[in-house]
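J.: Next input, structure requested:
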Amino acid sequence: MKSFFLLALIFLLGSSLSLEANEPYDNNLAGKKLICFTDSDSIEDWGIKFLSNKRVVLYSLDKFIFEIYEHKRSYKTDLRNIKIYNGKDIDFLINRETLRFGNKKCKITNVDPLYLLKSKIEDIKKSKAKKNIL
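T.: Residues are numbered from 1 along each chain as shown. Down below sits the predicted model:
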C-alpha cells in the first residue's frame, strides 16, 4: 500500500514538472513592439507591446469614435504563432513569419504603438476636416 502511494506521488510530481517544461519555440519577446494599420475605416488598427514575464498590452483604435482601448493579456509562442491569451483561452493569433494579425498586416516598430495610434487619430481627423467644405 505504501509503495502505491509512493508511486502515485512520484507520478504526480513528474507530471506536474513536465507540464511546466518550456516549449522549444516559446520565446521571450519583451521589448518588441508591433503596429497594425489598415486602410479601412471599419477595421480597427492595433498596437502591441510585449512586456516582461510573458505579458503583452494590446491597443485597439476605434476609428469611428476616435477611442483607443487597452487590453492586458499574456502570450506564448510556438514555431508558427504568437498566441495571445485572455486567461486560459487563446484570444488572438499572430503569425510569426508574416506578422498577420487577423485581417491586418503588422510591422515591427521602435516607436511606442500608443503614440502611433494617437497620431493616426489626428491624421484621420485632419483628413475628414479636409473633406468638409463647410
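
J.: remind me, longest strand of this structure?
T.: In the chain, assigned by DSSP state E, the strand with the most residues is strand 67-77.

J.: That one: which residues count as buried?
T.: Ile68, Arg73, Ser74, Tyr75, Lys76, Thr77 (16 or more other CB atoms under 10 Å). From N, CA and C alone the C-beta is placed, and that goes for glycine too.

J.: what bridges to the last one?
T.: Beta-bridge pairing of Thr77, defined through DSSP bridges, involves Ile82.

J.: Strands along the chain, start to end?
T.: Taking DSSP E, the strands of the chain run over residues 33-36, 45-50, 55-62, 67-77, 81-86, 89-95, 100-101, 104-105, 107-108.

J.: list the helices and strands the longest strand of the chain packs on?
T.: For strand 67-77, the packing partners by 3 or more CB pairs under 8 Å, 6 or more residues apart in numbering; DSSP states H and E come out as strand 55-62, strand 81-86, strand 89-95, helix 113-131.

J.: Nearest to Ala30, out of those?
T.: strand 55-62 (8.5 Å; CB to CB).

J.: Great, nothing more from me.
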